[in-house]
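J.: Just need the structure, nothing else, for what follows:
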Amino acid sequence: MAALSYLLRFLALAAVLAATPLAAQTQPNLPTADKHAIRTAIEGQMGAFRADDGERAFGFASPNIRGIFRTADNFMAMVRNGYQPVYRPRDVRFGDLVAVEASLVQKVYVTGPDGRRVLALYVMEQQADGIWLINGCMLAEPEDEA
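T.: Coordinates of the predicted model:
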């Protein structure tokens with residue numbers, strides 16, 4: 001039931017992101033250390049994907065994501081099948097970190113293994129201990145190509 005609730009919230013956020021003009025997305029007033037930690041989490045997970053280290057990649061996922069997929073193997077199967085651009089990127093370029101509704105979203109421009117460019121929208125979640133984890137990722141057309 002918690003997984004369904006999370007999925008519905010995630011889909012609602014996806015709809016808001018798709019409908020929110022860039023001008024309405026605001027730059028969060030975060031300390032530099034938090035911005036760095038967010039980027040480090042995403043880079044760490046991508047590095048784990050490149051190394052096919054499912055346990056390490058799964059470790060960058062929020063408790064919500066871990067609850068949905070339950071095992072690193074399930075998580076990696078989903079990434080391999082549905083997220084090839086972030087699983088095996090040719091090129092990665094970080095864009096803006098934006099606040100949308102009550103969520104922080106890191107924009108990452110990725111060129112996938114097929115040469116196609118996508119915008120990976122990483123929803124980030126800060127844990128009670130201050131650590132930033134990935135609470136979902138949506139793939140979209142880059143803004144300059146949409």
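J.: what's the closest non-adjacent residue to Asp91?
T.: Of all residues not flanking Asp91 in the chain, Thr111 sits nearest, at 4.0 Å (C-beta to C-beta, 6 or more residues apart in numbering). C-beta coordinates here come from the backbone N, C-alpha and C atoms, glycine included.
J.: Would you mind measuring from that neighbour to Met78?
T.: Separation of Thr111 from Met78 (C-beta to C-beta, to the nearest Å) stands at 21 Å.
J.: about what we covered before: give the bridge partners for the residue nearest to Asp91, please.
T.: Note on Thr111: beta-bridge partners by DSSP bridges are Asp91, Arg117.
J.: Quick check: it touching Arg117?
T.: Yes - using C-beta atoms under 8 Å, Thr111 makes contact with Arg117 at a distance of 5.3 Å.
J.: in what helix or strand does the residue nearest the centre of the chain lie?
T.: The residue lying closest to the centre of the chain (C-alpha atoms, centre = their mean) is Tyr122, at 2.3 Å. Tyr122 belongs to strand 117-126 when assigned by DSSP states H and E.
J.: Mean confidence (pLDDT) on that strand, please.
T.: For strand 117-126, mean pLDDT is 97.
J.: Next secondary structure element downstream of that strand?
T.: Assigned by DSSP H and E, the successor of strand 117-126 is strand 132-140.
J.: where in the protein is pLDDT low?
T.: Scanning the chain for pLDDT under 70 picks out 1-26, 144-146.
J.: how about the helices in the chain?
T.: Remark: helices assigned in the chain by DSSP state H are 2-19, 32-50, 54-59, 63-69, 72-82, 84-87.
J.: Can I get the shortest one as CSV, trimmed to CA atoms?
T.: Spelled out, that is helix 84-87. The C-alpha coordinates for helix 84-87 follow below in CSV (Å, rounded to 0.1, in the frame of the first residue of the first chain):
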residue,chain,number,x,y,z
GLN,A,84,19.4,2.9,-20.5
PRO,A,85,20.5,6.6,-20.8
VAL,A,86,21.4,6.7,-17.1
TYR,A,87,22.5,3.1,-16.9
